[in-house]
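> pasting the sequence and the predicted model now:
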2 protein chains.
Amino acid sequence: MKITLLAGGVGGARFTRGLLHLLAERYPDGEGGTTAEVTVVANTGDDMWLHGVRVCPDLDTVMYTLGGAIHEGQGWGRQDESSRVSADLAAYDLGWEWFTLGDLDLATHLARTELLRAGKTLTEVTAHLCRRWNPGVTLLPMSDQPVETHVVVGEGTPEDPERLIHFEEWWVRHRAGIPARRFEQVGVDSASATPEVLDAIMTADLVLLPPSNPVVSVGTILGVPRIREALNATPAPVVGISPIVGGAAVRGMADACLATIGVETSALAVGLHYGAREGLDSDDLIEGDGQAEAAAGRIGVIDGWLVDDSDHEAVSGLEAGGIRSRAVPLLMTDDAATAQIAAAALDLAGFR
Amino acid sequence: MKITLLAGGVGGARFTRGLLHLLAERYPDGEGGTTAEVTVVANTGDDMWLHGVRVCPDLDTVMYTLGGAIHEGQGWGRQDESSRVSADLAAYDLGWEWFTLGDLDLATHLARTELLRAGKTLTEVTAHLCRRWNPGVTLLPMSDQPVETHVVVGEGTPEDPERLIHFEEWWVRHRAGIPARRFEQVGVDSASATPEVLDAIMTADLVLLPPSNPVVSVGTILGVPRIREALNATPAPVVGISPIVGGAAVRGMADACLATIGVETSALAVGLHYGAREGLDSDDLIEGDGQAEAAAGRIGVIDGWLVDDSDHEAVSGLEAGGIRSRAVPLLMTDDAATAQIAAAALDLAGFR
């Protein structure tokens, strides 16, 4: 059993942890783990250089969460870390006071930076870092090229001109409270999905979209050339789990992101935004027409969409849109509850 | 009164601290400081990239020592720092177990790296960092280009081929215990002294060589194009303080360095190695002949050389070599004792 997930940070990491619990029961390896092969393709659109080191928030959140090192209270960063170094940096009048790098987290960034500067790809670097944490999955960045999400803010008037700020500044500093006119993936034109990512999608038995932000996490991954096409061409079913429950994001500020791209904050609207796969085959994509449509985001990518019990009325609308759907409890209160959500996703894809 | 020093790390920093005590008495500014302008040109040959951050050991030792932040026990690094981050880095199987970056020191390297990556010169970066610590001097790197001292080791046989290792590896890891065949200043061919360094030498009333390593600290600075020439062309007297007392280095492993360049470990030999200034004027240097000789290290750079009382027999040999000399107690046991050494250096240069 090979499962590939396209994930953001906290939501993707916690869902994957629950999935691994389920897989250890369904496909046990006799040693407490699973024979199932799980690959997590993580969003790297939030990555940035800060103080000269490379910070990859989503990769690290997945690695720490699955490796048992996460600061559970925050959902990101390392347990038992301190702000000794960032406080000292602030004394040099540098850095962002609203973005604190914990000291142990910083060790990860230093290690990554050293390896990147030595010429390794981000895929290779991530594998090196994961050897320490044993996350139980193959963790892959969506691309080895930097593709950093920026946010266009400002009214476009002389007093408030349009300007581009890094996603983390908009998200963490402004708590997504400044209207975003649009998102830009800086660097995407010269970026590509890695062979490892395309292979993980094409050879999977099942592809899952965990309850991550549909715009700036999964949407960012889908924006990387050839990933949307691969999702269409893979023989595996593609099933997503709604991050929107009862008209609100379970965590994070997905509503502000959805508003920016003109999608309602509802389980139904997000499912339809992903859209039903149209059964393109790889020939369509190679010929080029499919690629152009995929690049424009007009090709749907899911076969199934799980919504929360409270959104059960969305099921018929999704089915009418060609998307298999079911309503189940979607709150990831603990790993056992999350494993049940994962079980429902496998069910919906025909794996029992 | 303008004084410029060419300094390495601990010895240079401690001497300068004593000098500032003396100057506060001789040229008081009425607020506990001095009206004298002191510039420290620091060796950057020990600099290196480690974990993707730029480490400048001598600049930082001078900055911390004069700014009251030094770890006095070590002589380098920051007081109250911990190894939390470097221990975590080691868990990634990265870094050098023999070279530990303290966590607070690391904040300095991160700040420096951020500013360098933003396009600032090392001179500008150093000024930024010093605004926090107020060292009471103008601290300048010898060059804005990387000039990293490497050590050629190995017998040159098939079993033990010649190889180049970074100075810090030879010094810290091997405690200078592997025979060094020669030193190489990697990058020196495309490096130059900064305008600030040349100006500090040319406009000084007095130039001092504190008791720093004559080979890999002061010698490295002298190897940077145009610095040796400037020392000859400056109207200021140039006086050095012997780092060798009673045939041994007061601290550090200068004997191994001196052996490599074929100079005896004695106050006399080191003074003669620096050599008497030959009164070249700037025209000689501009014409080119002086430059070639300077580059070959054949032009002497000092007018005076202080030796320890125990080396008083060296005085006549130095004077015979055209170098004014005097024997005084040279152990920098505390700032008061060091101020007395500085006073003797000023005396020797004719400033009372």
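Yep, that arrived. Given the structure is predicted, the values throughout are model-derived calculations rather than measurements.
> what residues does stretch A:191-201 touch?
A:2, A:4, A:39, A:41, A:121, A:123, A:138, A:140-147, A:207, A:224-227, A:230-231, A:234, A:236 (CB atoms under 8 Å, 6 or more residues apart in numbering or on different chains). Heads up, the C-betas are built off the backbone N, CA and C, glycines and all.
> of the residues you listed, buried ones?
Among the contacts of stretch A:191-201, the ones that count as buried by 16 or more other CB atoms under 10 Å in any protein chain shown are A:4, A:39, A:41, A:121, A:123, A:138, A:140-147, A:207, A:224-227, A:230-231, A:234, A:236.
> strands of chain A, residue ranges please.
Assigned by DSSP state E, chain A shows strands spanning A:2-7, A:37-42, A:48-50, A:53-55, A:138-141, A:148-153, A:163-166, A:182-186, A:206-209, A:238-241, A:244-245, A:248-249, A:304-308, A:324-328.
> so for chain B, which of those strands sits nearest?
Closest to chain B of the strands of chain A is strand A:53-55 (CB to the nearest CB; 6.1 Å).
> tell me if that closest one is near chain B.
Yes - using CB under 8 Å from any CB of the partner chain, strand A:53-55 comes into contact with chain B via A:53-54.
> ok, A:W171 touching A:C257?
No - with contact defined as CB atoms under 8 Å, A:W171 does not reach A:C257; the gap is 9.1 Å.
> overlap of the contact sets of those two?
Applying CB under 8 Å, 6+ apart, one finds that A:W171 and A:C257 are jointly contacted by A:V216.
> residues in contact with A:E25?
A:E25 is in contact with A:A339, counting by CB under 8 Å, 6+ apart.
> A:D347 - nearest residue in space that isn't next to it in sequence?
Of all residues not flanking A:D347 in the chain, A:R326 sits nearest, at 7.5 Å (CB to CB, 6 or more residues apart in numbering or on different chains).
> I'd guessed that neighbour sits against A:V315; true?
Yes - A:R326 lies in contact with A:V315 (CB under 8 Å); the separation is 6.7 Å.
> can you check which residues contact both of those two?
The contact sets of A:R326 and A:V315 overlap at A:V307 (CB under 8 Å, 6+ apart).
> number of nearby residues for the residue nearest to A:D347?
18 (other CB atoms under 10 Å in any protein chain shown).
> tell me the bridge partners for it.
Bridge pairing for A:R326 (DSSP bridges) gives the partners A:L306.
> okay, it: pLDDT?
You'll see A:R326 listed with a pLDDT of 98.
> and for A:D308?
Reported pLDDT for A:D308: 98.
> so how far is A:I3 from it?
22 Å (CB to CB, to the nearest Å).
> quickly check: stretch A:82-92 near chain B or not.
Yes - residues of stretch A:82-92 contacting chain B under CB under 8 Å from any CB: A:82, A:84-86, A:88-89, A:91-92.
> which helix or strand in chain A has the lowest average pLDDT?
Of all helical and strand segments in chain A, the minimum by mean pLDDT, DSSP states H and E falls on helix A:282-287, at a mean of 58.
> where does the stretch 51-200 of chain A dip in pLDDT?
Filtered on pLDDT under 70, the stretch 51-200 of chain A yields no residues whatsoever.
> one more time with 80
A:95-97 (pLDDT under 80).
> give me every residue that touches A:G12.
A:5, A:40, A:42, A:58, A:61-62, A:210-212, A:217.
> and A:L258, by the same measure?
With contact taken as CB under 8 Å, 6+ apart, A:L258 is in contact with A:214-215, A:264-265, A:269-270.
> tell me where the model's unsure across the stretch 251-352 of chain A.
Applying pLDDT under 80 to the stretch 251-352 of chain A picks out residues A:278-298.
> and the residue of it nearest chain B?
For the stretch 251-352 of chain A, CB to the nearest CB, closest residue to chain B: A:D335, 25.5 Å.
> contact partners for that residue?
Residues in contact with A:D335 (CB under 8 Å, 6+ apart) are A:17-18, A:21.
> ok, these vs chain B, which is closest?
Distances from chain B to the contacts of A:D335, taken by CB to the nearest CB, are shortest for A:R17, at 21.8 Å.
> give me the number of residues near the closest one?
There are 23 residues near A:R17, going by other CB under 10 Å.
> quick one: it and A:P211, what's the gap?
Distance of A:R17 to A:P211, given as CB to CB: 13 Å.
> over to A:T65?
Counting by CB to CB, the gap from A:T65 to A:P211 is 14 Å.
> stretch A:166-186 near chain B anywhere?
No - figure legend: stretch A:166-186 not in contact with chain B (CB under 8 Å from any CB); closest approach 14.7 Å.
> give me the buried stretch members for that stretch, please.
Within stretch A:166-186, the residues scored as buried using 16+ other CB under 10 Å are A:166-174, A:176, A:180, A:183, A:185.
> just send the strands of chain A back as a markdown table, with distance to B:A193 too.
Listed next are the strands of chain A as a markdown table, based on distance: least, CB to CB, whole Å:
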| stretch | distance to B:A193 |
| --- | --- |
| strand A:2-7 | 52 |
| strand A:37-42 | 47 |
| strand A:48-50 | 31 |
| strand A:53-55 | 31 |
| strand A:138-141 | 43 |
| strand A:148-153 | 38 |
| strand A:163-166 | 38 |
| strand A:182-186 | 39 |
| strand A:206-209 | 59 |
| strand A:238-241 | 62 |
| strand A:244-245 | 63 |
| strand A:248-249 | 58 |
| strand A:304-308 | 67 |
| strand A:324-328 | 71 |
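> among the ones you listed, which is nearest B:G350?
Closest of the strands of chain A to B:G350 is strand A:53-55, at 50.8 Å (criterion: CB to CB).
> strand partners (parallel or antiparallel) of that closest one?
strand A:48-50 (antiparallel).
> report the rounded mean pLDDT for the strand it pairs with.
Here the average pLDDT along strand A:48-50 is 94.
> contact partners for A:H174?
So A:H174 contacts nothing (CB under 8 Å, 6+ apart).
> for it, give its distance to chain B.
22 Å (CB to the nearest CB, to the nearest Å).
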